[in-house]
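A.B. asks: Sequence and predicted structure below; questions after.
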Amino acid sequence: MSLHFSHQQSKAFVLAAGLLIASVLLLLLGISVGSTGFESVLNMGRDPQAQQIIWEIRLPRTAGAWLAGALLGLAGAVAQGLFRNPLADPYLLGSASGASLGVALAMALFGVSPLATHWLARIGLTGAAFIGAVLAVLLTLLLAKGVQHTLRLLLAGVIVGVVLGALSSLILLLTPDIMQAMQSFMLGSTAFVGWTACAVMAAVFLASVIAAWMMSHVLDGLALGEATAQSLGLRLPQMRAALVAVLALSTGTAVAQTGLIAFVGLAAPHLVRSVVKTTHGRLIVLSSLMGAVLLVAADILARWLIAPQELPVGVLTAVLGGSYLLWLMHRQTGRGAGL
């Protein structure tokens with residue numbers, strides 16, 4: 001038993017090291033991919049414009065993709081542990097629909113006029129997305145009457161997501177001029193991420209990963225069943241509420257900065273568990289690193305595949321993540337087991 005545990009510890013360490021190395025390599029690749037290609041990197045020392053492209057556009061965008069992916073990977077690990085459901089994702093409590101509704105309302109009320117300054121538009125939409133995501137989670141908690149019953153919380157999240165999604169569609173029908181701008185948010189993009197957004201995501205990620213890691217024993221207890229977790233003396237209502245807060249904060253922050261990016265939070269914990277079986281404390285950290293690597297890789301592909309144009313990064317993550325999960329379901333079905 002101890003040898004098996006030690007082996008899994010070693011695998012977790014190797015996976016973490018591999019993901020960190022991949023992060024560094026992808027960061028270097030990310031600052032080299034763009035409409036001007038490698039020329040900006042080669043001319044960075046003597047061309048002020050090349051320096052500006054690297055330091056003000058490519059580097060914060062790549063770092064922002066890493067941080068957003070880390071937040072989504074962390075949220076996915078927390079959601080799957082909290083709901084004891086391998087198909088749970090960060091948007092399960094209605095945060096995605098709430099963020100979409102917040103952005104749609106902001107665009108409809110304030111418009112997308114070119115007269116509005118760029119920074120004001122970005123701060124306004126970012127704030128609207130975050131507030132919408134948090135309010136959606138609070139509405140889910142209100143309908144579920146707290147966090148005591150996992151199934152009720154899950155159903156409330158689905159209902160809130162459907163209703164708020166319908167309201168967003170209604171706003172788009174009433175104000176069709178915002179449809180193109182709204183589409184960019186719905187498909188996800190890291191193109192507008194700057195250093196300020198990176199600082200916000202870094203602070204939230206640091207706080208969230210520490211909080212989730214400190215409460216990981218609760219997720220370990222829940223994996224054994226609710227009755228077992230209670231018998232271990234865990235304060236489930238308070239701990240559940242704190243984990244839901246971590247889930248809402250990390251998801252809302254990522255969505256506010258990059259829009260709706262699908263499957264990263266769902267696929268990252270699955271990829272980690274396919275390599276190593278470990279406790280939720282390590283799973284949370286490894287899922288964060290895996291989500292970061294996935295989103296940076298997808299963002300680089302989105303910039304490179306049809307350069308100098310770009311694909312929406314959310315489209316790539318949906319195609320790649322969905323394909324992986326379909327393959328995983330097919331493999332597990334062949335073995336007579338579920339996900």
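C.D. replies: Now that the structure is in, tell me what you want to look at.
A.B. asks: in the longest helix along the chain, what's buried?
C.D. replies: Using DSSP state H, we find that the single longest helix of the chain is helix 2-30. Neighbour counts over helix 2-30 (16 or more other CB atoms under 10 Å) mark Ala12, Leu15, Ala16, Leu19, Ala22, Ser23, Leu26, Leu27, Gly30 as buried. For glycine as for every other residue, the C-beta is placed from the backbone atoms N, C-alpha and C.
A.B. asks: Please compute how far that helix lies from its chain's middle.
C.D. replies: 20 Å (CA atoms, centre = their mean, to the nearest Å).
A.B. asks: now stretch 211-221
C.D. replies: Per CA atoms, centre = their mean, the centroid offset for stretch 211-221 relative to its chain is 19 Å.
A.B. asks: Flag every buried residue along it.
C.D. replies: Ala211, Ala212, Trp213, Met215, Ser216, His217, Val218, Leu219, Asp220, Gly221.
A.B. asks: Please tell me how far the third one sits from Pro312.
C.D. replies: Same thing as Trp213. Applying CB to CB, to the nearest Å, the value for Trp213 to Pro312 is 32 Å.
A.B. asks: Turn the buried residues of stretch 211-221 into TSV, columns for pLDDT and secondary structure.
C.D. replies: TSV is the format used below for the buried residues of stretch 211-221 (pLDDT from 0 to 100; DSSP: H, G, I helix; E, B strand; the rest coil):
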residue	pLDDT	secondary structure
Ala211	94	helix
Ala212	94	helix
Trp213	93	helix
Met215	90	coil
Ser216	89	helix
His217	86	helix
Val218	86	helix
Leu219	87	helix
Asp220	84	helix
Gly221	82	helix
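A.B. asks: quick one: which of those residues is nearest Gln148?
C.D. replies: Val218 (14.0 Å; CB to CB).
A.B. asks: Let me see the contact set for the closest one.
C.D. replies: Ala229, Leu234, Leu236, Met239, Arg240, Leu243 (CB atoms under 8 Å, 6 or more residues apart in numbering).
A.B. asks: pLDDT below threshold where in this protein?
C.D. replies: 1-7, 34-47, 50, 111-124, 226-230, 232-233, 332-339 (pLDDT under 70).
A.B. asks: mind listing what Val103 touches?
C.D. replies: Leu125, Ala128, Ala129, Gly132, Met182, Phe185.
A.B. asks: hmm, I was thinking of Met201
C.D. replies: Taking CB under 8 Å, 6+ apart, one finds Gly64, Leu67, Ala68, Leu71, Thr253, Ala254, Gln257 in contact with Met201.
A.B. asks: Now do the buried residues in the strand or helix carrying it.
C.D. replies: Per DSSP states H and E: Met201 is located in helix 195-214. Neighbour-count burial for helix 195-214 flags Ala197, Cys198, Val200, Met201, Ala202, Val204, Phe205, Ser208, Val209, Ala211, Ala212, Trp213 (criterion: 16+ other CB under 10 Å).
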